[in-house]
Each structure stands twice: as structure tokens, then as C-alpha cells.
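Chemist: Sequence first, then the predicted structure:
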Amino acid sequence: MRIGVSAAKGFCYALDIPLIAVGTLVSMTAGIINFPEFAKEEFLFCPLLDARRMEVYCAGYNKKLETIKETAAEIIDAFSFSELLAKNKMVFFLVMVLQNVKNCCGPTPMPFLWMMCFLQQRI
């Protein structure tokens, strides 16, 4: 990923054209905010990415993709989002990357299988 970003930066610098960066967590959120399940009510969206060492990268966004909670690497416990949950309905979601999944689609192993899981907190 970093090699691709560096290549893009190099091309844009050499060609004198702008490069627009979009963060992973905000792009994950942009992919689900228009799901029908979330159309009727206001939610805050909290994408999660595995950061290793018992941490996750997370952030919080509203339906306009405005940042409500800045991106941070956090160890999640029972009180991690208590302040936001007290005032909002939240959708927590993550993307899991499963490597070397065999016998899923035939004899060739799939290098990556993307799966999105939703956990919806109702007050």
C-alpha cells in the first residue's frame, strides 16, 4: 500500500497535478452510509481496523462524513464509546481480511476475502 501511495505521489509531483488523499476509515464509512438499514434514523458510524497488539484504529463520522471522533488507535473496553453511546445511535463495523482461505471457491486459495460485519447499538 505504501509503495502505491509513494508511486502516486511521485507521478503527481512530476506531472504537476494534485493528489487527493482519502483516509481508509472515512472511505469505509462512505461505503455504507447509504445502506437502506440506516436511511430512516440518524446514526454515528464507527469504522474499526485491526491495529494489532490488542488495539483497533477507529474514528466516528455522521451521515455527512463529518468527523465526530478523531482517528485513534485504542484498546476497546466496555467504556470506550460510553460518552457517544449515551447521546447517539451508533453503527460499529469492521473489515476482516482472511488470508489463504482454501476450498472456498475451488482448488485455488483466495489471497484475501473481505467481509464487513455490522454491530448496531440501540439505545
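Modeler: Received the coordinates, thanks. Only a predicted model underlies this, so the values are computations on that prediction, with no experimental measurement involved.

Chemist: Could you measure from L48 over to L94?
Modeler: L48 sits 4 Å away from L94, going by C-beta to C-beta, to the nearest Å. C-beta here means a position set from N, CA and C on the backbone, and glycine is covered the same way.

Chemist: More neighbours: which of those two?
Modeler: The neighbour comparison of L48 against L94 (other C-beta atoms under 10 Å) goes to L48, with 20 against 17.

Chemist: Now do the shared contacts for L48 and L94.
Modeler: Common neighbours of L48 and L94 are listed as V56 (criterion: C-beta atoms under 8 Å, 6 or more residues apart in numbering).

Chemist: Where does the prediction get shaky in the chain?
Modeler: Per-residue confidence for the chain (pLDDT under 70) gives these ranges: 1, 95-123.

Chemist: So what touches the longest helix along it?
Modeler: The helix spanning the most residues in the chain, taking DSSP state H as the definition, is helix 2-15. The list of residues contacting helix 2-15 from outside it, by C-beta under 8 Å, 6+ apart, reads P18, L19.

Chemist: pretty sure S80 is touching E74, no?
Modeler: Yes - counting by C-beta atoms under 8 Å, E74 is a contact partner of S80 at 6.2 Å.

Chemist: How about K89, nearest residue that isn't a chain neighbour?
Modeler: F43 (5.1 Å; C-beta to C-beta, 6 or more residues apart in numbering).

Chemist: Verify the stated contact: that neighbour with M90.
Modeler: Yes - under the contact definition of C-beta under 8 Å, F43 touches M90, with a separation of 6.4 Å.

Chemist: At which residues are the strands of this protein located?
Modeler: In order along the chain, the chain carries the following strands (DSSP state E): 44-52, 55-61, 67-74, 90-101, 110-121.
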